[in-house]
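# no sequence on this one, just coordinates:
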């Protein structure tokens, strides 16, 4: 498998939308909750219920706080707890999109440095995985 450029791994607002401004770092985790179906007949070994539980995705990103309106948009989204469509785009053209809630937005800055931000999103509902064509 060929290495992929980290700078091409972007978080976009909306499917095919604009990238979140001035990102430096993006990461995600896909989580699968299990349902323990172990009984006395399981011979002492744990058994999981196939397709049980729920799957979810968490996204985090950070970067430089820029003069565009996205920072205030993200603050408003956290306060309102609204859902919006976001898309992760990979260097090879793969995409993952779905409905997400912005659960955390942080900003900061040092007296002799740039202002930075970090954002966290949690999925709601089905995710669409689109392999590169």
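The structure has been received and is ready for your questions. Owing to the predicted nature of the structure, the values given are computational and were not obtained by experimental measurement. Numbering: from 1, shown residues only.

# beta-bridge partners for the nearest residue to residue 9 once chain neighbours are set aside, please?
Nearest non-adjacent residue to residue 9, counting by Cβ to Cβ, 6 or more residues apart in numbering: residue 26, 5.2 Å away. Every residue, glycine included, has its C-beta placed from N, CA and C. Beta bridges link residue 26 to residue 61 when assigned by DSSP bridges.

# can you pull the contacts of the closest residue in space to residue 95 that isn't next to it in sequence?
Nearest in space to residue 95, with sequence neighbours left out and distances taken as Cβ to Cβ, 6+ apart, is residue 130 at 4.3 Å. With contact taken as Cβ atoms under 8 Å, 6 or more residues apart in numbering, residue 130 is in contact with 94-97.

# quick check: the gap between residue 130 and residue 70.
24 Å (Cβ to Cβ, to the nearest Å).

# with residue 131 instead?
As for residue 131, its distance to residue 70 is 28 Å (criterion: Cβ to Cβ).

# go on, residue 34?
Counting by Cβ to Cβ - residue 34 and residue 70 are separated by 36 Å.

# so which of those two has more stuff around it?
residue 70 (20 against 11; other Cβ atoms under 10 Å).
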